[in-house]
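[1] Here's a sequence, model it:
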Amino acid sequence: MYNILTSQFCDKSEKKKEEKQKSMAAMLWLLLLSAFHAVALAQQRHFNITLGSSLTPTTNSSWFSPTGRFAFGFYEQTNGYAVGISIAGMPKKTAVWTANRNSPVVPSSAVLLLTSDGRLIVQVGGKEIYVISPSQDIASASMLDTGNFVLYNSDHIIIWQSFGNPTNTILPGQHLSARQELFSSASDADDSFGIFRLKMQDDGNLVQYPVQTTDTSPYAYYATSTDGAGNNVTLNLDDDGHLYMLNSTISLKNLTEGGHPRERTIYLMKIDVDGIFRVYSHSLNQQNSSVIWSSTGDRCAPKGLCGLNGFCINLDDQVKCACLPGFDFVMPGNWSAGCERNFTAQTCRLKEKTSKYYAMRTVDNTKWEDISYSVLDTTTKEDCEQACLQDCNCEAALFKDTECRKQRLPLRFGRRVMTDSNLALVKVGINVVAEEGLSYQIEETKGKKLRIDILIASITLAAFALLVLGISGFLIHRNQVWTYTKIQDSRSVQLCEDVAPRAFSYAQLEQATSGFKEELGRGAFGTVFKGILGEDQKVVAVKRLDRELVEGETERKCVDWSLDENESILEHWVYSCFEAGELGKLVRDEEVDRRQFERMVKLSIWCIQDEPSLRPSMKKVLLMLEGTVEIPVPPSPTSFLSAI
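    Here you go, the predicted model:
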């Protein structure tokens, strides 16, 4: 009995064991299927943007990464939308990459399309704008969880990626290689190109400059001092906020230590609008951002922050920009646009002292770029002011200790340094109302605004008037030529009233003047004689040319080697004539409106400045041509660069 029970119990145990093993095998099989499904799904999501996919700014505006951290598509900008990559888990989209930064923003009617023939474009009003132009046709695309937007060909090989084409931001896993640059944005609401750049140089040095400057030390305002390390140096960022420089695989320099939390936190390095590059921590849980490192604590360090003729002031960690005395902001609220004169400068004459037109104003404790054209030693401040007042070319002077350095405008890279005793002495119009002191608060003043519709209407009317004038001139000329031909053919000796004069032969004129006998006067090219024409004995004046008109009878020479050395280089010669008040040399005996001619010469000199930042914009050129804006006295076209 006992043996039977034991046997039955053992049989039941074996059955349960077999059932358990079968159950575990089934579960393992399900797990394997799930894993394969997950891998397949991941692979499917890896190439989740297929040909024919499209986006619009208002509905279905982005293609997301698998976890939804990053998004590629439209994001809002001032007056429209831009295309780029942004952090999707934040209340306000934080852009980390922008396409076509110098192209205008697009309207809400735009469509972003990955076309069936492998092009990534934006369609706006029937026009197509390329977003990215890889070397091969696109077969698919993917927005990765790293923040990298990738394009693939038909073999699933990467043909373009945003990590290789940074704009103003570096993400973890991304690096900045030799000769690559990051450019700041124009403003927090405008991701077009700004005025600062961060460059990884060939020599291994990471340096910041203002835009439109050469890669030389006078323009640098930040550097890692790693020059000499070679062209294999890269700037790298890890997912714990560690920002560092590598020379191939060898650590060269740590900019931050790292070790920050990784959980649901995104770190990025960005060159900001103010020219400082910072490392940010973006918490997806708390949905906020914070700065964990800055390249400098001096917010006035970036050169050019306040534009031409403006200077930067640090007050309790708040940055303000101010203009030189006698200057106002070109665009109130946009500091980088700089400052312009609020008075009309007198024309420069070499032999004329300017003390009766100008007074000197002082700005204390400021540093500027030194492009002096003359240096006076062992002087006092008063002597320096007088020297500038009596020098027509001097528009400002930098005075420190006993040294006076004369300057031409514009002054650049100005900043207040309370420990620096340097004084900026500025020549201002005598009619400028004296101020109690220089206010460092940026005041919103009424700018000079030009309505586009008025400008277009004016240009249209002017073009129409020119067209009418041209047609009228042609008709009048044709009528006169016809009448003149008719008279000439008739060979009448009588002069007809109200029509063009007839042609006479030399013999006829010689007979009318009795052999050029009675002289009435002399002109620039000949002598005037008294003559009598026709049966009515009408008295006329006949001019006989005594000199050969070389320009009319011979061809002009391309180069006149007999010219004075100073006349052989046109821009130098024109400027020297302008500076000396001898513009008549440029036109010689030609009759011109001297005042209008001087305005055109001044504008021409501004437009050929070697330094790009000194040249006026096309809008300003139009305003100057119209007379809406005064044309200031220009500096020498090459003096700016030759003084560096």
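
[2] now what about the one helix or strand Ala186 maps to, what contacts it?
    Per DSSP states H and E: Ala186 is located in strand 181-187. The contact list for strand 181-187 (Cβ atoms under 8 Å, 6 or more residues apart in numbering) reads 78, 101, 166-170, 176, 191-200, 211, 270-275, 277. In short, each C-beta sits where N, CA and C put it, glycine included.

[3] State the distance from the nearest residue to His242 once chain neighbours are set aside to Gly338.
    Once flanking residues are discounted, His242 sits nearest to Gly258: 2.6 Å by Cβ to Cβ, 6 or more residues apart in numbering. When distance is defined by Cβ to Cβ, to the nearest Å, Gly258 is 40 Å away from Gly338.

[4] Please apply the same query to Lys303.
    Counting by Cβ to Cβ - Lys303 and Gly338 are separated by 13 Å.

[5] How about Ile158?
    From Ile158 over to Gly338 the distance is 43 Å, taken as Cβ to Cβ.

[6] now do Cys388
    From Cys388 to Gly338 the distance is 22 Å (Cβ to Cβ).

[7] Settle it for me: which of these two has more neighbours?
    Neighbour count, other Cβ atoms under 10 Å: between Cys388 and Gly338, Cys388 has more, with 26 against 22.

[8] what about that one, helix or strand, and which?
    Secondary structure from DSSP H and E places Cys388 in helix 381-389.

[9] Buried among the contacts of strand 181-187? Make that a ChimeraX selection.
    Applying 16 or more other Cβ atoms under 10 Å to the contacts of strand 181-187 leaves a buried subset, and the ChimeraX line that selects it is:
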select :101,166,167,168,169,170,176,191,192,193,194,195,196,197,198,199,200,270,271,272,273,274,275,277
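
[10] Just the contacts of strand 181-187: which are in strands?
    Among the contacts of strand 181-187, the members found in strands (DSSP state E) are 169-170, 176, 191-200, 270-271, 277.

[11] Of these, just say which sits nearest to Lys406.
    Nearest to Lys406 out of the ones in strands among the contacts of strand 181-187 is Ile195 (Cβ to Cβ; 27.6 Å).

[12] what sits against that closest one?
    With contacts defined as Cβ under 8 Å, 6+ apart, the neighbours of Ile195 are 184, 186, 210-211, 275, 304-305, 336.

[13] I'd like to know which of these are buried.
    184, 186, 210, 275, 304-305, 336.

[14] could I get stretch 81-88 in CSV with only the CA atoms?
    Extracted in CSV, the C-alpha atoms of stretch 81-88 (Å, rounded to 0.1, in the frame of the first residue of the first chain):
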residue,chain,number,x,y,z
TYR,A,81,9.2,79.6,-39.0
ALA,A,82,12.6,78.1,-39.4
VAL,A,83,13.6,74.5,-40.1
GLY,A,84,15.9,72.8,-37.7
ILE,A,85,16.4,70.4,-34.7
SER,A,86,15.1,71.3,-31.3
ILE,A,87,14.8,69.7,-27.8
ALA,A,88,11.2,68.6,-27.8
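
[15] nearest residue to Thr78 other than its sequence neighbours?
    Distance criterion Cβ to Cβ, 6+ apart; nearest residue to Thr78, sequence neighbours excluded, is Ala189 at 4.5 Å.

[16] Could you tell me the model confidence score at the one you found?
    Looking at Ala189, its pLDDT reads 90.

[17] right, and it touches Asn79 too?
    No. Judged on Cβ atoms under 8 Å, Ala189 makes no contact with Asn79 at a distance of 9.2 Å.

[18] buried ones in stretch 402-411?
    Buried residues in stretch 402-411, defined by neighbour count with 16+ other Cβ under 10 Å: 403-411.
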